[in-house]
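Student: One predicted model, sequence on top.
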Amino acid sequence: MSENNVSGFMRSFRKLAVDTLSIREGSDPTATIEGIKKDMTFKGPGAWILIFSILIASIGLNANSTAVIIGAMLISPLMGPIIAVGTAIGINDLEMMRRAFKNLMIAVVISLITSTIYFSITPLNVEQSELLARTKPTILDVFVAILGGFSGIIAGSRREKSNVIPGVAIATALMPPLCTAGFGLANGMYNYFFGAFYLFFINSVFITLSTYIVVKYLRFPMKSFIDRRKYRRYQFFFGVFIAVVIMPSAVIFYQMIQETRFKIASERFITENTKFKGSELITQKVVYTDSISTIDLYYMGNRISDDMELFLNDKTRSYGLAAKDDDFFPLTKKTIIKIHQQEGAEFGEGEATKMMEAYTKDLHIQLLKDVYTKNEELIEDKDAKIKLLEKKIYDMSKVKIDTFPVHQLSREIRLQFPDVEKYAVSKVQVQTWEGDSLMVNNLPVLLVDLGKKSHKKENEYIDQLQTWIRVRLNNKTIKVMKL
């Protein structure tokens with residue numbers, strides 16, 4: 001191929017790329033500015049539409065319904081004043097900027113008051129996954145806001161309008177963070193309030209930044225001009241402001257990555273090292289911090305020795321669960337392994353409660369979601385699992401292993417109650433109904449044989465023996481019966 005042909009191909013390719021990617025053609029700056037000014041006010045119908053969309057979004061977060069939340073974002077008018085702020089900065093229109101900020105503040109106050117009132121009166125105050133997702137913004141949310149802002153202003157600058165704006169409203173998700181902030185205020189959970197409001201703040205800032213960049217690129221007509229030195233000073237302070245805004249989200253994103261890596265490593269550690277003959281791992285609880293993390297393991301069955309617990313703690317380093325000398329960015333400085341188990345596979349009331357909570361927390365949350373989605377089959381299935389689990393935990397916490405000191409009791413019974421010729425120990429299942437649930441209790445029984453001796457007060461004699469052995473073994477459930 002000749003040199004002329006190559007240069008001709010490159011010119012054609014460059015022209016095709018410019019024609020394809022150019023956003024200047026088809027833009028209408030004057031009409032765009034006028035349209036943005038109309039969309040940035042919250043009076044009358046606009047204010048009520050905002051209130052209704054906030055209520056819909058709050059209900060969606062409360063019910064953990066993604067479809068309802070998306071519907072609220074589609075009708076939300078929050079994008080208007082945010083794009084107006086970026087446009088006003090780009091064309092240096094101080095009056096438009098003042099009005100845009102005023103309307104944005106009005107929208108924020110209306111949204112917070114509405115969502116706070118809703119979450120103060122709703123009987124459902126469960127922290128659903130959709131709500132929790134808005135409490136820890138990361139740098140990924142910054143990228144979404146920037147890209148959404150670019151899409152919004154480019155679509156808005158066209159002479160022929162498109163349906164991009166609703167999609168931008170969904171992607172940037174301005175409504176749910178404000179509703180989550182209202183949830184935090186209503187329940188006194190200020191970490192939720194600040195996390196969610198920070199997410200709304202960075203979304204607003206970076207949508208504004210994207211709008212400003214596109215307005216400058218499309219050369220919208222300037223309202224007024226400032227000298228170059230002052231303009232550079234404004235640019236410097238704006239850059240510092242953007243850096244300060246973005247830093248917390250970058251830190252949170254790094255912590256999220258570290259926590260995810262830690263949980264992956266801890267799952268691998270648990271899978272490969274926590275199986276012991278005669279013992280069964282019931283559940284585990286993993287708590288991550290960048291300093292000291294913990295892995296709690298709950299067992300039933302044969303007792304696991306303290307030496308094995310020490311061995312597990314020493315082995316965490318080889319899985320990256322403890323810092324090494326050459327680690328610049330360790331997942332965590334130290335991970336403590338705790339084994340929870342009582343002798344004889346016998347759990348006290350406190351341990352049984354912990355196991356119940358660990359088992360049923362996720363099931364209860366999922367069950368609430370199923371109530372709102374009206375999935376009856378899943379509800380019945382999870383309800384059956386919960387009842388079965390409650391029965392097992394009840395049995396573990398109520399039933400004691402009926403081990404008797406046989407040889408010692410034989411001597412003491414012979415001295416205290418010489419008329420007893422022989423006795424036997426048994427276990428009787430007592431079945432009782434509690435509501436719709438059948439509960440089974442295993443109760444120890446002492447069977448005695450008084451031989452052929454005549455006893456006028458045989459029942460009184462047995463009652464005395466029962467009173468004595470209950471005190472002797474510190475067990476009020478033991479029953480003494482005639483063999």
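Tutor: Thanks, I have the structure now.

Student: I'd assumed F206 was in contact with V142.
Tutor: Yes: V142 is in contact with F206 according to C-beta atoms under 8 Å; the separation is 5.6 Å. All C-beta spots, glycine's among them, are computed from the backbone N, C-alpha and C.

Student: which other helices and strands contact whichever strand or helix holds F253?
Tutor: For F253, the host element (DSSP states H and E) is helix 228-273. When contacts are defined as 3 or more C-beta pairs under 8 Å, 6 or more residues apart in numbering; DSSP states H and E, helix 228-273 sits against helix 139-156, helix 190-217, strand 279-287, strand 292-301, helix 306-315.

Student: list the buried ones in the last one?
Tutor: When you say that, I think you mean helix 306-315. 308, 312-313 (16 or more other C-beta atoms under 10 Å).

Student: Show me what it is packed up against.
Tutor: Using 3+ C-beta pairs under 8 Å, 6+ apart, helix 306-315 sits against helix 228-273, strand 334-340.

Student: Worst mean pLDDT among the ones you listed?
Tutor: Lowest mean pLDDT within these: helix 228-273, a mean of 82.

Student: quick revisit: the helix holding F253: how far from the chain's middle?
Tutor: 19 Å (C-alpha atoms, centre = their mean, to the nearest Å).

Student: Quick one: the buried residues of helix 306-315 as TSV, columns for distance to T271 and pLDDT too.
Tutor: Output for the buried residues of helix 306-315, formatted as TSV (distance: C-beta to C-beta, whole Å; pLDDT from 0 to 100):
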residue	distance to T271	pLDDT
M308	17	87
L312	13	88
N313	17	88
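
Student: Among the residues you listed, which one lies nearest to I246?
Tutor: I246 lies nearest to N313 out of these, by C-beta to C-beta, at 38.8 Å.

Student: Next up, the contacts around the closest one.
Tutor: Neighbouring residues of N313 by C-beta atoms under 8 Å, 6 or more residues apart in numbering: 335-337.

Student: switch the cut-off to 10 Å
Tutor: By C-beta atoms under 10 Å, 6 or more residues apart in numbering, N313 lies in contact with 295, 321-322, 334-338.

Student: Taking these, tell me the two that lie furthest apart.
Tutor: For the contacts of N313, the farthest-apart pair by C-beta to C-beta is A322 and K338; their separation is 14.8 Å.

Student: And V142 and F206? Which one has more around it.
Tutor: Between V142 and F206, counting by other C-beta atoms under 10 Å, F206 is the more crowded of the two (27 against 22).

Student: So this structure: which segments form each domain?
Tutor: 3-225, 259-346, 360-398, 406-482 (automatic domain parsing).

Student: Between A322 and K338, which is the more surrounded one?
Tutor: A322 (21 against 13).

Student: can you pull the pLDDT of the more buried one?
Tutor: So, for A322, pLDDT stands at 83.

Student: Now it: which helix or strand?
Tutor: Applying DSSP H and E, one finds A322 in no helix or strand.

Student: That one reaches S291, doesn't it?
Tutor: No: using C-beta atoms under 10 Å, A322 is not in contact with S291; the gap is 11.5 Å.

Student: what touches both of the two?
Tutor: 332-334.
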